[in-house]
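> Next one to model:
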Amino acid sequence: MAPFQSSDLFELQWLGDCDISPDGATVAVTVTRMDREANVYRSAIWAVDAQTGRAYQFTAGAGRDFAPRWSPDGSQLAFLSERPGEQQRPQLAVMPATGGESRIVTQLGYGAGQPSWASDSRRIVFSAKTGIPPDPKATTARPYRRISDLKSKLNGEGWIYDVRRHLFVVDLRLPDAEPTQITDGPWDDGSPAWSPTEDVIAFVSSRHESRDRDAWSDIWTVAADGSDPVCLTKTDGDYFSPSWSPDGRSIALLGRQLIAGANATVQILQPSDGTLQPVDPAFDRQSGVTGSLSAPEAPKWLDAETLLTAAEDRGDTSLVLVRRGEPTRWLARRHRMVSSHSARTDVARVAFVASTPLAPGELFVLDTATGEEHQLTSFNAEWRSRTALSAPERIAVQTAPGVEVDAWFMKPTDYADGRTYPVLLNVHGGPFTQYGESFFDEFQVYTGAGYGVVFCNPRGSSGQTTAFGRSIIGNMGVDDFHDVMTAFDAALDHMPWADRGRLGIMGGSYGGFMTSWVVGHDHRFAAAISERAVNCWYTMQGTSDVGSWFNEAYLGERASIEDDLAALLRQSPLTYARHMTTPLMILHSEDDLRCPVSQGEQLFVVLKRLGKDVEFVRFPDENHELSRSGKPSHRLDRFGVILDYFDRKFSERRV
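Next up is the predicted model:
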């Protein structure tokens, strides 16, 4: 069997959003692949028999078809479609359940968003950007920008100061259905959910006066014709992903009263009086799953009292049943990560996509009455049969009194007793996210190239309590740094084959921050790669798309240039550049608006002035998501750059 290489990315098929039909017989699921020749991603929607697993391609997939949603009567499938030769904007399409030609319902300048059906199976509500899109063929100079909002840009989208997301309703009964905009204003409206009574739509919006300076959001309702908008929550937290109960009297949602490092949990809102209560106050785990769409999936009602969602727990993501007055119950718990799920109130069958470290995501179905689970698809079975993968070994490490951190280590794919191997410590982004029991092409590339790999979930990660996630606030680079290094040492104790002279560290975003921080405070590594990092919180405040609120959320309540500059400098890796002796590669995307390329430039300039061993690699036309959704050719180039750098630096150690 051949070891995993970066070129294997072109052979993989990635499963995304799934939706089970109202009768529970068929699951629609998005399948994505990378097109090497065209240097693009292509997605098609497949239909899978929930009993036999028989699968067939339902849409052409010439471009990108995704976000499938069955109509309540099961007669149609709505989805988003990007067609080649068009403006590459996802438009709303509808197709008969029996197959045939799809009907493109919208022609919006910025495209359409995820569809939500009315119970009459005739109307759809969705969120979409409004405004005038730029003319790609314009020959005149682009107009100036007049900006009055702090939140004027967004990573992956660019300038958004003159673009707002609002709700649209389209009536498919009309022969030439045109979407009707039903909300407006200087704010964004999203995640619409149609009530069972068909006359009201719940949605998420931030319309409060301080919305430009915080990350709070509220649940609103609006009549189907756009009248009578009402705010149901109290603007005291972050509330999102609404889902109506079958009787239309309650709305389930995901919410948290704190922003940074706090677990979002399932809560029940009573539209009649605005009462909001957690379903299970004792369940303190991050709930909801963010799949390929931007918003976490809404909780699913299985009956009038029971909800289905997914939750993180120490490297796993599993389905859970949430019911008022009862403890939350884990469902079909395994060492794996669920990435999408779908359920219906009248069918005791749940469809979900899940992956393990040795298997990319596949589609499963679970009988909630019997607990029986079946794998429906094997899209990557043939590839797996001829590819050698490395399995992570898991350890729990006590890093402080009452604190236990999960860590994993992986052997090189070609591991043989008696040999020693270089080892790479990887730090995840976030910081409020988790590594764990999921297929990760990144780690398989490194083990396939002959490296050992270590990764962990230090304090500040998700997957444990809110207290664990928030413990680093105001003191980044202290407890989290201690956890990373302690977990690494513990992993090395289980790796007698590790070459202590060839240790490397790397990470992106928060992981890039931690990499830069580590090499300014520890000198054990032979080489390091800091990718899309925050190196200077001082400049992050004014240049990042989230800098207007993120700094104070994570660095301290008054951590800002105007109030507590010392807090920014104390927690910035750039402050400790003089102490950096480890050879360092700075890797950054030039269109990154989350951690702008200036973060890399500043560290590079300072280190060069100090005469340090530093290299700077920049990827044009890429944003913060290069490693996950960048152009296929750039993703391969990135792996080549990383492997070449560590190979060179570790070879120098051998001389």
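
> low-confidence ranges in this structure?
Applying pLDDT under 70 to the chain flags the ranges 86-87, 289-295, 654-655.

> for whichever helix in it runs longest, packing partners?
Criterion DSSP state H: the longest helix present in the chain is helix 632-654. On a contact count with 3 or more Cβ pairs under 8 Å, 6 or more residues apart in numbering; DSSP states H and E, helix 632-654 meets strand 421-427, helix 441-448, strand 498-508, strand 527-531, strand 584-589, strand 614-619, helix 626-629. Every C-beta, even on glycine, is put in place using the N, C-alpha and C of the backbone.

> Measure how the fourth one sits relative to strand 614-619, angle-wise.
Note on geometry: by axes from the mean of the first three to the mean of the last three Cα atoms, to 10 degrees, strand 527-531 and strand 614-619 are set 40 degrees apart in direction.

> and the host helix or strand of residue 604, which residues are buried?
Per DSSP states H and E, residue 604 falls inside helix 598-609. Neighbour counts using 16 or more other Cβ atoms under 10 Å place 598-604, 606-607 of helix 598-609 among the buried residues.

> returning to what we had before: dump the helices and strands packed on helix 632-654 into JSON lines; add mean neighbour count and distance to residue 199 as well.
Formatted as JSON lines, those follow (neighbours: other Cβ atoms under 10 Å; distance: least, Cβ to Cβ, whole Å):
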{"stretch": "strand 421-427", "mean neighbour count": "25", "distance to residue 199": "49"}
{"stretch": "helix 441-448", "mean neighbour count": "23", "distance to residue 199": "46"}
{"stretch": "strand 498-508", "mean neighbour count": "21", "distance to residue 199": "46"}
{"stretch": "strand 527-531", "mean neighbour count": "27", "distance to residue 199": "49"}
{"stretch": "strand 584-589", "mean neighbour count": "26", "distance to residue 199": "46"}
{"stretch": "strand 614-619", "mean neighbour count": "18", "distance to residue 199": "49"}
{"stretch": "helix 626-629", "mean neighbour count": "18", "distance to residue 199": "38"}
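
> Go through these and name the closest to residue 318.
Checking the helices and strands packed on helix 632-654 against residue 318 by Cβ to Cβ gives helix 441-448 as the closest, at 21.1 Å.

> Check which helices and strands the next helix or strand after the closest one is in contact with.
Sequence-wise, the next helix or strand downstream of helix 441-448 (DSSP H and E) is strand 452-456. Here strand 452-456 touches strand 403-410, strand 421-427, helix 441-448, helix 479-493, going by 3+ Cβ pairs under 8 Å, 6+ apart.

> Quick one: closest of the ones you listed to residue 56.
Evaluated over the helices and strands packed on strand 452-456, closeness to residue 56 peaks at helix 441-448, with 26.8 Å, by Cβ to Cβ.

> partners of residue 278 in the sheet?
Residues in a beta bridge with residue 278, per DSSP bridges, are residue 267.

> go on, residue 421?
residue 498.

> Could you pull up phi and psi at residue 200?
The phi/psi pair for residue 200 (degrees, to the nearest 10) reads phi -130, psi 140.

> which non-adjacent residue is nearest it?
Residue nearest to residue 200 in three dimensions, not counting chain neighbours: residue 221, with 5.1 Å by Cβ to Cβ, 6 or more residues apart in numbering.

> That neighbour - how many residues pack around it?
If you count neighbours by other Cβ atoms under 10 Å, residue 221 ends up with 20.

> returning to that earlier point: using PDB, write down the CA coordinates of the helix holding residue 604.
Extracted in PDB, the C-alpha atoms of helix 598-609 (Å, rounded to 0.1, in the frame of the first residue of the first chain):
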ATOM      1  CA  SER A 598       0.700  42.400   7.700                       C
ATOM      2  CA  GLN A 599       0.800  40.100  10.700                       C
ATOM      3  CA  GLY A 600       3.400  38.000   8.900                       C
ATOM      4  CA  GLU A 601       5.100  41.000   7.400                       C
ATOM      5  CA  GLN A 602       5.700  42.600  10.800                       C
ATOM      6  CA  LEU A 603       7.300  39.500  12.300                       C
ATOM      7  CA  PHE A 604       9.400  38.900   9.100                       C
ATOM      8  CA  VAL A 605      10.800  42.400   9.100                       C
ATOM      9  CA  VAL A 606      11.700  42.400  12.800                       C
ATOM     10  CA  LEU A 607      13.400  39.000  12.600                       C
ATOM     11  CA  LYS A 608      15.300  40.000   9.500                       C
ATOM     12  CA  ARG A 609      16.500  43.200  11.200                       C
END
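
> And for residue 149, the neighbour number?
Neighbour count for residue 149, taken as other Cβ under 10 Å: 13.

> Mind checking what secondary structure it has?
Assigned by DSSP: H, G, I helix; E, B strand; the rest coil, the conformation of residue 149 is coil.

> now residue 56
Assignment for residue 56 (three-state DSSP): strand.

> mind listing what it touches?
46-47 (Cβ atoms under 8 Å, 6 or more residues apart in numbering).

> Can you give me the distance of it to residue 24?
Going from residue 56 to residue 24 by Cβ to Cβ, to the nearest Å gives 18 Å.

> what's the answer for residue 559, then?
51 Å.

> the more surrounded of these two?
Counting neighbours by other Cβ under 10 Å for residue 559 and for residue 24 shows that residue 559 has the greater number, 24 against 20.

> looking just at contacts, which helices and strands does the helix or strand where residue 221 lies meet?
Per DSSP H and E, residue 221 falls inside strand 218-223. The contact analysis (3+ Cβ pairs under 8 Å, 6+ apart) places strand 218-223 against strand 200-205, strand 230-231, strand 238-244.

> and these as TSV, adding distance to residue 346 and mean neighbour count?
Putting the helices and strands packed on strand 218-223 into TSV (distance: least, Cβ to Cβ, whole Å; neighbours: other Cβ atoms under 10 Å) gives the following:
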stretch	distance to residue 346	mean neighbour count
strand 200-205	21	24
strand 230-231	30	14
strand 238-244	15	23
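
> how about those in JSON lines, adding distance to residue 40?
Putting the helices and strands packed on strand 218-223 into JSON lines (distance: least, Cβ to Cβ, whole Å) gives the following:
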{"stretch": "strand 200-205", "distance to residue 40": "31"}
{"stretch": "strand 230-231", "distance to residue 40": "41"}
{"stretch": "strand 238-244", "distance to residue 40": "30"}
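
> Residue 15 is nearest to which of those strands?
Ranking the helices and strands packed on strand 218-223 by proximity to residue 15 (Cβ to Cβ) places strand 238-244 first, at 20.9 Å.

> angle of the very next helix or strand once past the closest one against strand 218-223?
Where DSSP H and E defines the elements, the next helix or strand beyond strand 238-244 is strand 251-256. Counting by the same axes, to 10 degrees, strand 251-256 lies at 150 degrees to strand 218-223.

> Counting neighbours, which bits of stretch 563-574 end up buried?
564, 567-568, 570-574.

> cool, and stretch 537-545?
Those would be 537-541, 543-545, for stretch 537-545 by 16+ other Cβ under 10 Å.

> nearest spatial neighbour of residue 5, skipping sequence neighbours?
Sequence neighbours aside, residue 448 is the residue nearest to residue 5 in space, at 5.8 Å (criterion: Cβ to Cβ, 6+ apart).

> That neighbour is in contact with residue 3, isn't it?
Yes. With contact defined as Cβ atoms under 8 Å, residue 448 counts as touching residue 3 (3.6 Å).

> Give the pairing partners of the host helix or strand of residue 125; include direction for each.
Using DSSP H and E, residue 125 sits in strand 123-130. Strand 123-130 sits in its sheet next to strand 116-117 (antiparallel), strand 164-171 (antiparallel), going by DSSP bridges.

> Quick one: end-to-end length of stretch 311-321, please.
Stretch 311-321 stretches 10 Å from its first residue to its last (Cα to Cα, to the nearest Å).

> rewinding a little: and the residue nearest to residue 200, what is it in contact with?
Shown in contact with residue 221 (Cβ under 8 Å, 6+ apart): 195, 200-203, 228-230, 232, 271.
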